[in-house]
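have a look; sequence and predicted model below, questions after that.
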Amino acid sequence: MKNYILFLVLIFSLLSCKNEKTEITKNFSTDLQTDHFNIWVENPKKAKQQLINIGFTAVPDSLSKIHEGQGTAGKYFNFLNGYLELIFVYNQDELIENNENNIELDFTERANFRKNGASPYGIALKVKDYNVSKIPFQKIRYHQDWMEENASIYSAKISKTNLNEPSIFVVYPKIESERFETLDDLKSIPEQYAFYSAFYKHQNGAQKITDVIITSNQLNLNTETIKALNSVENLTVKSGKQHLMELHFDNDIQGKSFDLRPELPLIIYL
């Protein structure tokens, strides 16, 4: 009799887990998508070279963006459905001044991730049929002179105070990353910018980001921001012992992996 009861409990538990999994799958947001990912770095040249060493093609520094008025710059790696940015402090004085003008934003805290234990990751989201009211968390409007007059980025308010979470922000349509289904579709890039197509082609064969897993220590999975992130398809944010980003390309078709720690808290799967 006891064995029969235990068997029923086990079956019920398995069915409950199965139903829970199905429910999570059905709750993927139809409004939110990932646009690109940031990793804060202290030594951008070394971090960039690590990615080049495993077969990635970087956007040349001469074409990489300096975030005027923000005190930061980036080194970029383009993929068919988004890009990876290694973000770093370019001008400390400008960084501080921008922080004084935008005290609710988290740039200085994220830049000091080595000292304060903050998550070094940033997640840029985009909203389908762009409407600010669709952003499902408390937000801070952020505008810089390089943006269009009435355009703004919206940062999650909690990113300033809850440093264990990745930094989260929503871009507006004009600066959303280009999306391509295949390498052949790069031919649609206007002729004057056709040379950019070379930066989507990687010696290691990577084309699309197909899964992203971000681990943060002491993470509360029930905040509105983390719930929003975990509703985005192909993105998972979870709690663990240390900060880590795992980027999967093309559904791991090659069966290869590259652990770039400790310099870069990143594992690549090809």
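In hand now; what should we look at?

all the strands of this protein, residue numbers only.
For the chain, applying DSSP state E gives strands covering 32-40, 66-67, 72-79, 82-89, 121-127, 139-142, 153-156, 167-170, 209-217, 235-240, 244-249, 257-259, 266-269.

what's the closest of those to residue 186?
Of all the strands of the chain, strand 72-79 sits nearest to residue 186, with 10.1 Å by CB to CB. To be clear about C-beta, it is placed using only N, CA and C from the backbone, and glycine gets the same treatment.

out of everything not next to it in sequence, what's closest to the residue nearest the centre of the chain?
Most central in the chain under CA atoms, centre = their mean is residue 37, positioned 2.7 Å from the mean C-alpha point. Nearest residue to residue 37 in three dimensions, chain neighbours excluded: residue 84, at 5.4 Å (CB to CB, 6 or more residues apart in numbering).

do the same with residue 50
Closest to residue 50 by CB to CB, 6+ apart is residue 260, at 5.1 Å.

what's the burial count for the one you found?
When neighbours are defined as other CB atoms under 10 Å, residue 260 has 17 of them.

next: the one 4 residues further on.
For residue 264, the tally of surrounding residues (other CB under 10 Å) stands at 20.

and for residue 33?
Count around residue 33 with other CB under 10 Å applied: 18.

likewise residue 177?
If you count neighbours by other CB under 10 Å, residue 177 ends up with 16.

ok, it to residue 79 distance?
9 Å (CB to CB, to the nearest Å).

got the CA coordinates for stretch 208-222 in CSV?
Listed in CSV are the C-alpha atoms of stretch 208-222, where the atom choice follows Å, rounded to 0.1, in the frame of the first residue of the first chain:
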residue,chain,number,x,y,z
LYS,A,208,23.0,33.3,-35.2
ILE,A,209,22.7,33.6,-31.5
THR,A,210,20.2,30.9,-30.6
ASP,A,211,20.2,30.8,-26.8
VAL,A,212,21.5,33.1,-24.1
ILE,A,213,21.9,32.1,-20.4
ILE,A,214,22.9,34.7,-17.9
THR,A,215,23.8,33.7,-14.3
SER,A,216,23.9,36.2,-11.5
ASN,A,217,24.7,35.5,-7.8
GLN,A,218,22.0,36.0,-5.1
LEU,A,219,19.4,36.8,-7.8
ASN,A,220,15.8,37.3,-6.9
LEU,A,221,13.9,35.6,-9.7
ASN,A,222,10.6,37.3,-8.8
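
so which bits of it are buried?
For stretch 208-222, the neighbour count (16 or more other CB atoms under 10 Å) marks 208, 209, 210, 212, 213, 214, 215, 216, 219 as buried.

closest to residue 202 among those?
For these, the nearest to residue 202 is residue 208 (11.1 Å; CB to CB).

is it true that that closest one touches residue 81?
Yes - using CB atoms under 8 Å, residue 208 is in contact with residue 81, at 4.9 Å.

could you check the pLDDT of the residue nearest to the centre of the chain?
Reported pLDDT at residue 37 in the predicted model: 98.

one more: residue 12?
pLDDT for residue 12: 39.

can you lay out the buried residues of stretch 208-222 as a markdown table showing pLDDT?
Converted to a markdown table, these look like this (pLDDT from 0 to 100):
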| residue | pLDDT |
| --- | --- |
| 208 | 98 |
| 209 | 98 |
| 210 | 98 |
| 212 | 98 |
| 213 | 98 |
| 214 | 98 |
| 215 | 97 |
| 216 | 95 |
| 219 | 93 |
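
can you report how many residues lie near the nearest residue to residue 198 once chain neighbours are set aside?
Distances taken as CB to CB, 6+ apart place residue 57 nearest to residue 198, at 7.1 Å, with adjacent residues excluded. Counted with other CB under 10 Å, the neighbours of residue 57 add up to 17.

where does residue 57 fall, phi/psi-wise?
Here is the backbone geometry of residue 57 (degrees, to the nearest 10): phi -100, psi 120.

tell me if I'm right that residue 114 and residue 43 touch.
No - using CB under 8 Å, residue 114 makes no contact with residue 43, being 10.9 Å away.

neighbour-wise, which of the two wins?
residue 43 (13 against 10).

so where's this structure uncertain?
Low-confidence segments of the chain, defined by pLDDT under 70, span residues 1-27.

quick one, helices of it?
2-26, 44-53, 92-101, 107-111, 113-116, 224-229 (DSSP state H).
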